[in-house]
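Just a sequence and a predicted model for now, questions to come.
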Amino acid sequence: MQSSAERRKRAQILDSEGTKQSEVNIAEGKKQATVLASEATMMERINLARGEADAIVAKATATAEGLQKVAKAIQSTGGNDAVSMSIAEKYVAAFEKLAKEGNTILLPTNAGDPASMVAQAMSIFKGLSKPQISLPPTEKK
């Protein structure tokens, strides 16, 4: 009877050790799955951020190149006249849009005379296109 009891005891110990190891393995597996899932989420966020940063850089580069081309076109023969014409068209179109959209608008005193509106827009452009005096940077103390 004693040896039978001893065998049952060892069997129960081995059974409990097996259950314990099984639960440890399950817990380790869940832990690893959680860690891998969080790392995957982190990498996804990093990749999205890099993609957004690359898109911002690409857009800024394209804008800079476009502005350089516009500046070069303005400096070419007839460029200033083309810009003046474009600004005048936008000036007149803006007043046209205001007149269509609302029932209260502010008009310049010469709204009935498109030629003077164009002349006013061109004088504004010429005022903006004059070389600006740049002041030397202030020194920090």
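Alright, I've got the coordinates.

and the gap between the residue nearest the centre of the chain and residue 66?
With distances taken as C-alpha atoms, centre = their mean, residue 56 lies nearest the centre of the chain, 5.5 Å away. Distance, residue 56 to residue 66, by C-beta to C-beta, to the nearest Å: 16 Å. All C-beta atoms are positioned from the backbone trio N, CA, C, and that covers glycine.

Now the element after the longest helix anywhere in the chain, going C-ward?
Ranked by residue count and defined by DSSP state H, the top helix of the chain is helix 2-75. Downstream of helix 2-75, the first helix or strand assigned by DSSP states H and E is helix 79-101.

State the distance from residue 27 to residue 47.
Plainly put, residue 27 is 31 Å away from residue 47 if you go by C-beta to C-beta.

Same question for residue 63.
According to C-beta to C-beta, residue 63 and residue 47 sit 25 Å apart.

just residue 96 next, same as before
47 Å.

same question, residue 57
Computed as C-beta to C-beta, the residue 57 to residue 47 distance reads 16 Å.

what do you get for residue 13?
Using C-beta to C-beta, residue 13 is found at 50 Å from residue 47.

Cool, thanks, talk later.
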